[in-house]
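A.B. asks: how would this look folded up:
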Amino acid sequence: MKVMAQHFFTNSGTSTMQSTPKTGHLHAKVPNDGLNSSGDTLSFISLDDSNEQQTDDSGLGASKALSRNTPANSMLGDVSMVSPTNSKVNEIGKKAQDLVERINERRAVDQEIMNTFEELLIKEVRGVCQQMRDQMCLYYEEYSQGMESSFAELSELLERCSQISLELQGASHTLETINKSLQHSTEH
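C.D. replies: Modelled structure (predicted):
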């Protein structure tokens, strides 16, 4: 960034633009009323490489310098020096704003992708859960049918066992009666 030096002509009577005068620089006497010899008010003078005064032996440089450093031209010079800086600041600000907008747009796109992914994932998980539920129901149905047939067989076996037990008790009772009658007949 270019540094711009400015000096204000005060009412002290004289002003120097630099501590060591160089040929080609104008030194003006300013009356106490703050006006130059033509009656114009003197204000700021910009010193930079682009506004350096060029003189030759004819004295044309001094008249060019005075016309260049009138208040209107001086303020325009200041504006032209500030304007590129402001435009660069504005350009940087615009680029930053564009970057923020692109980031926000990308963030919205990413959020939409995540929402879509979440919906698809939930749908897929629901589908898998339903398949597992259906398979579990089929498994329970098959298992239940197997258990029913096993319980039916067990019931039949228990019923037969009960019948055999009753038959054995009857046979045992008959054998006991026969045994008692045999013992009775041998004792007599």
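A.B. asks: Now do the helices in this structure.
C.D. replies: Under the criterion DSSP state H, helices of the chain are mapped to 60-68, 71-187.
A.B. asks: would you turn those into CSV with mean pLDDT?
C.D. replies: Listed next are these as CSV, based on pLDDT from 0 to 100:
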stretch, mean pLDDT
helix 60-68, 44
helix 71-187, 89
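A.B. asks: Please work out which of those is packed deepest.
C.D. replies: Of all the helices of the chain, helix 60-68 carries the top mean neighbour count, a mean of 14, counting by mean count of other CB atoms under 10 Å. Bear in mind the C-beta positions are built from the backbone N, C-alpha and C, glycine included.
A.B. asks: which residues touch stretch 95-109?
C.D. replies: For stretch 95-109, contacts defined as CB atoms under 8 Å, 6 or more residues apart in numbering pick out no residues.
A.B. asks: and it, C-alpha only, in CSV?
C.D. replies: C-alpha atoms of stretch 95-109 as CSV (Å, rounded to 0.1, in the frame of the first residue of the first chain):
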residue,chain,number,x,y,z
LYS,A,95,-15.3,-11.7,-2.6
ALA,A,96,-15.7,-12.5,1.1
GLN,A,97,-19.5,-12.1,0.8
ASP,A,98,-19.5,-14.4,-2.3
LEU,A,99,-17.4,-16.9,-0.4
VAL,A,100,-19.8,-16.8,2.5
GLU,A,101,-22.7,-17.2,0.2
ARG,A,102,-21.0,-20.2,-1.6
ILE,A,103,-20.2,-21.7,1.8
ASN,A,104,-23.9,-21.3,2.9
GLU,A,105,-25.1,-22.7,-0.4
ARG,A,106,-22.8,-25.7,-0.1
ARG,A,107,-23.9,-26.1,3.5
ALA,A,108,-27.5,-26.2,2.4
VAL,A,109,-26.7,-28.7,-0.3
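A.B. asks: quick one: L182 from G170, how far?
C.D. replies: 19 Å (CB to CB, to the nearest Å).
A.B. asks: E124 too?
C.D. replies: 69 Å.
A.B. asks: cool, and S83?
C.D. replies: S83 is 126 Å from G170, by CB to CB.
A.B. asks: now D134
C.D. replies: According to CB to CB, D134 and G170 sit 54 Å apart.
A.B. asks: do the same with L138
C.D. replies: To G170, L138 is 48 Å away according to CB to CB.
A.B. asks: same check, this time on N179
C.D. replies: Applying CB to CB to N179 and G170 gives a distance of 15 Å.
A.B. asks: What of N90?
C.D. replies: 117 Å.
A.B. asks: OK, contacts around E159?
C.D. replies: E159 neighbours (CB under 8 Å, 6+ apart): none.
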